[in-house]
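[1] fold the following.
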Amino acid sequence: MEPFFNLRKRVDIPDIRNIGIMAHIDAGKTTLTERILYYSGRVHRMGEVDEGSTVMDYMDQEKERGITITSAATTVFWKGKKLNIIDTPGHVDFTVEVERTLRVLDGGVVVFSGVEGVEAQSETVWRQADRYNLPRITFVNKLDRQGADFFRTVEMMEDRLKATPLVISFPLFKGDQLKGMIDLVEMNGWIWKDEKGVEYEQISIPERYFDLAFGLREELIDRVSLYDDEIMERYLDEEEISPELLREAIRRVTIKANIFPVMGGSALKNLGVQKVMDGIVDYLPSPLDVPPPTGKNPITGEEEKRENRPNGPFSGLVFKIITDPHGKLAFVRIYSGKINRGDRVLNVNTNKLERIHKIILMHANKMEEVESVEAGEIVAFRGFEEVTTGHTLTDIENPILLEPPRIPEPVIFTSVSPRTVTDQEKLVSALRKMNEEDPTFKVRKNPDTGETLIYGMGELHLEVIMERIRREFSVNARISTPRVSYKETIKQKASAEGKFIKQSGGKGMYGHVILTLEPSEEYKFVNQASPNDIPSEYINAIKEGIQEARYSGGLGGFEVTGGRVILKGGSYHEVDSSDIAYKIAASKAFKEAYKKAKPVLLEPIMRVEITIPKDYFGTVLDDLNSKRGEIKKVEHRVDVEAIESFVPLSNLFGYATTLRSLTSGRGVHHMQFAKYQEVPDKILEKKLKEIQGF
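    Numbering: from 1, shown residues only. Sure thing, here's the model as predicted:
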C-alpha cells in the first residue's frame with residue numbers, strides 16, 4: 001500500500017485518469033471500487049457493502065441502507081498512472097450526483113449486472129454520459145451468479161442503448177464455476193487462483209474456447225477497423241495485427257466515444273478487477289486526450305477555450321459542495337493553470353474574489369492537505385463563502401465562464417416544521433446547507449400559508465435529507481405526507497395591463513405595465529417597451545414582479561413553467577414612479593394575462609420498469625392500467641416479464657408495497673422521472689379538487 005502522503009507527488013498530465021464508476025443500483029459499482037482500492041494497495045482490507053464496511057460509502061445512512069447516496073472521490077496508482085476515481089450513486093433519486101460528476105470527468109466505467117443486464121437506471125446513466133460525450137469502458141459484473149449471461153448483456157447494450165460494444169474479453173468457466181477471462185487482445189486466458197483474487201496467472205486458451213475466441217477476435221478487429229484507418233489498412237491487406245497495435249487502436253476509438261470496450265468478471269468474488277484497472281489505464285483518456293473546455297469570456301461575450309495545461313491561466317469548475325463542522329468544502333475540477341494555497345481567485349458567477357485557505361486531496365471522507373495543484377486534477381478547496389455547484393473559478397486577469405452541470409427539476413415536495421421554538425433557527429440553517437450541497441433539493445415558503453416547503457427527486461431523497469438534518473444538525477422536525485410537484489403553463493397568447501397607483505398626500509406610488517404572454521417551452525422575458533414609456537431603470541423591478549408571480553400560477557397555485565413574456569409598454573410618473581410600484585404592477589399584469597392564456601396543469605410522469613414472474617403478468621398489467629399507466633414495452637425473458645411503462649407520479653406513492661402484495665413479494669421495480677405532461681381534461685377538475693383539499 002502506498003502511504004497517503006505519496007499522493008502529493010507531481011504527476012504529468014498524460015499519466016492522469018479522471019474517471020467515474022457508474023451503474024444501476026445493485027449492479028456492484030461500489031464493490032468494484034473497493035476492490036480497486038485493495039488491489040492498488042490503497043487499503044489493506046476489502047470493504048463489503050452488505051457488512052457496511054466500505055470505504056467509499058462512508059455516511060451512516062449509506063452503511064445502513066447498503067446504497068450509495070453521495071459521490072465519493074479517491075485516488076490510486078496503477079501501472080505508473082494516477083487514477084482519480086469517483087464512485088457515483090445508482091438510485092434515481094440521487095441522479096444529480098451522477099450528472100454533476102460526469103460534467104467534470106474525462107472517462108467512465110459503466111457496470112452492468114450480468115444477471116439483469118441493461119436496466120432502467122443503466123439507460124439513464126448511459127444517456128447522461130452521452131450528453132457529455134464521455135468515453136467509457138464497460139464491466140459485466142456478477143458472472144458467477146446463476147442466470148448471468150455475458151453475451152445477452154452485450155446484446156442488450158446494442159438493443160437498448162444503441163451503443164457499439166467491443167468485446168475484449170469474455171468469461172472462462174470450469175464446469176459451472178467462473179474461473180477467469182479470455183483476453184481477445186492478447187489471445188490468452190487469465191485464471192484467478194486465490195480467494196482474495198490477488199494471484200492470477202496467464203494460461204493458453206483452453207481448446208474448448210478456441211473457435212469462440214478466434215471468431216470474437218475477428219469480430220473485434222472488424223469493428224475497430226470501421227473506426228480506425230490504420231487497422232483498416234492492415235485488415236484489408238491481411239497483415240498480422242499485434243496486441244500492441246490493437247490496444248492503441250482500441251484506445252483511439254474509445255476516446256472518440258464511438259465504441260465501448262466490454263470486459264467481465266465478478267467483483268464480489270474478486271475475479272477480473274485487475275483487468276478493469278488495466279482497461280482504465282489502456283483505453284480511457286488523460287486530460288490531454290479530450291477536447292479542451294469551452295466557455296464564454298464574461299467581458300467580451302466571446303467563446304473561448306482553455307487548454308488542459310498547467311502553464312496557462314487558472315480555471316476550474318465547482319461541481320459539488322459539502323458541509324462539515326469546519327465549514328464548506330468545494331470540489332473542483334482544475335482545467336488549466338496552477339493554484340497555490342493562499343491565492344485569490346475570481347468567482348466569475350458572483351464576480352467576487354475568494355481566497356483559497358486550504359487545498360485538499362480526498363479519500364472518501366479522509367483529507368490530506370497540499371500546497372498547490374495543477375491542471376488535470378480533482379481536489380477540494382476550503383475557505384469560500386459564496387460558492388455553489390456550477391460556479392467557475394478563474395485567474396483574476398483571465399476570466400472565463402464554463403458550462404455548469406445540468407440540474408434536473410424536483411418532482412415531489414412536502415412541508416417541514418420545527419417541533420420546538422429552539423429548533424426553528426437550526427432548521428433554517430440546516431435547510432440552507434442542504435440546499436448548498438444538493439441543487440435538486442429546494443426550499444420555498446408558501447406565500448399563502450407561511451409553510452416551509454421542501455422539494456426533491458423522490459420519497460427516498462427527502463427521507464435521506466431529513467435524516468441527515470436530524471443526525472448532523474440535531475434538529476427535531478416534522479414533515480407532512482409527500483405531495484406531487486405539479487407545474488402550470490399556458491396554451492394560447494394573451495395580453496393584459498397592470499396598474500399600481502396610490503395618491504395619498506406626499507410622495508405617491510405609480511407603476512403601469514402592459515405585457516403579452518405567449519406559449520413557449522422555456523421561460524423568456526423580452527423588453528419591447530420604449531424608454532419613453534418605461535425608463536430602463538425600472539425593467540429589473542418588472543422582471544422581479546413577473547418572476548414572483550410565476551411562482552404561484554392561477555390554476556392550482558403551482559409554479560408556472562415556460563412561457564414568453566413580452567413587455568409591450570406602459571407609462572410612468574416623473575415623481576411617483578418607483579421600483580416597488582412597477583414590481584406590483586408587473587405581477588398584476590402577469591396574473592391577469594395568465595387567466596386569459598388558457599392555463600393548463602402539468603403532472604410529472606415517471607418511467608417505471610417492473611420485473612415480475614410470468615404468473616403475475618396480468619394482475620400487474622391491470623393495476624398499471626388502473627393507474628393511468630401507458631405501457632411502452634413488454635420484454636419476455638426466460639422466466640420473467642419486464643414491463644416498461646409511463647405512469648403519473650401521483651398514482652405511484654406506496655407502489656413498492658402494492659407490487660409486493662400483487663406478486664407475493666417477488667416483483668421488483670425501478671422508477672425515474674421522464675417528463676411533465678398535461679393532465680387530461682376529463683380528470684382535471686377532479687385533480688384540482690384533490691390538490692386544493694389536501
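[2] so where's the stretch 301-450 of the chain uncertain?
    Across the stretch 301-450 of the chain, the ranges flagged by pLDDT under 70 are 325, 364-365, 447-449.
[3] actually the stretch 451-600 of the chain, not the one I wrote
    504-506.
[4] any chance you could map the strands in it?
    For the stretch 451-600 of the chain, the strands defined by DSSP state E, counting those that start in this stretch occupy 452-456, 477-479, 483-484, 487-490, 494-502, 509-518, 524-527, 564-571, 599-613.
[5] so how far does stretch 130-143 reach from one end to the other?
    26 Å (C-alpha to C-alpha, to the nearest Å).
[6] buried residues in that stretch?
    For stretch 130-143, burial by neighbour count (16 or more other C-beta atoms under 10 Å) applies to 132, 134-143. All C-beta spots, glycine's among them, are computed from the backbone N, C-alpha and C.
[7] relative to V281, which of the strands of the stretch 451-600 of the chain is closest?
    strand 599-613 (34.4 Å; C-beta to C-beta).
[8] paired strands for that closest one, with orientation please.
    Here strand 599-613 has these sheet partners by DSSP bridges: strand 487-490 (antiparallel), strand 640-648 (antiparallel), strand 668-678 (antiparallel).
[9] skipping adjacent residues, who's closest to R252 in space?
    D228 (5.9 Å; C-beta to C-beta, 6 or more residues apart in numbering).
[10] which stretch among the strands paired with strand 599-613 is buried most, on average?
    Using mean count of other C-beta atoms under 10 Å, the stretch among the strands paired with strand 599-613 with the largest mean neighbour count is strand 487-490, at a mean of 23.
[11] alpha carbons only: can I get that strand in PDB?
    Extracted in PDB, the C-alpha atoms of strand 487-490 (Å, rounded to 0.1, in the frame of the first residue of the first chain):
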ATOM      1  CA  LYS A 487     -46.500  22.700 -12.700                       C
ATOM      2  CA  GLU A 488     -48.600  25.000 -14.800                       C
ATOM      3  CA  THR A 489     -48.100  26.500 -18.300                       C
ATOM      4  CA  ILE A 490     -50.200  28.300 -20.900                       C
END
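[12] how far does that strand sit from its chain's centre?
    Strand 487-490 sits 26 Å away from the centroid of its parent chain (C-alpha atoms, centre = their mean, to the nearest Å).
[13] got the contact list for it?
    517-519, 553-556, 558-563, 594, 597-602, 676 (C-beta atoms under 8 Å, 6 or more residues apart in numbering).
[14] so V109 makes contact with R136?
    Yes. The pair V109 / R136 is scored as a contact, 7.0 Å apart, by C-beta atoms under 8 Å.
[15] identify the contacts common to those two.
    In contact with both V109 and R136: no residue, using C-beta under 8 Å, 6+ apart.
[16] which one, of the strands of the stretch 451-600 of the chain, ends up nearest to I36?
    strand 599-613 (28.9 Å).
[17] what ranges does the stretch 251-400 of the chain have for its helices?
    For the stretch 251-400 of the chain, helices defined by DSSP state H, counting those that start in this stretch occupy the ranges 273-283.
[18] filter the contacts of strand 487-490 to the buried ones?
    517-519, 553-556, 558-563, 594, 597, 599-602, 676.
[19] tell me which residues touch E374, please.
    E374 touches 10, 13, 310, 334, 337-338, counting by C-beta under 8 Å, 6+ apart.
[20] kindly state the beta-bridge partners for R136.
    The residues that R136 bridges to, once DSSP bridges is applied, are G108.
[21] excluding chain neighbours, what is closest to V387?
    A330 is the one closest to V387 (C-beta to C-beta, 6+ apart), at 5.2 Å.
[22] so what's the one you found bridging to?
    Residues in beta-bridge contact with A330 (DSSP bridges): I321, F381.
[23] re the thing from before, in strands only, show me the buried residues of stretch 130-143.
    136-141 (DSSP state E).
[24] the residue nearest to R252 reaches E248, doesn't it?
    No. Counting by C-beta under 8 Å, D228 sits too far from E248 to count as a contact (9.0 Å).
[25] between these two, which one's more packed in?
    D228 (24 against 15; other C-beta atoms under 10 Å).
[26] distance-wise, check the more buried one relative to L246.
    D228 is 10 Å from L246, where distance means C-beta to C-beta, to the nearest Å.
[27] same question for R607.
    From R607 over to L246 (counting by C-beta to C-beta), the distance is 39 Å.
[28] higher neighbour count, the two?
    L246 (22 against 19).
[29] pretty sure the more buried one sits against E230.
    No. The criterion here is C-beta under 8 Å, and L246 misses it with E230 at 10.3 Å.
[30] sorry, back to before: closest to K633 out of the strands of the stretch 451-600 of the chain?
    strand 599-613 (9.2 Å).
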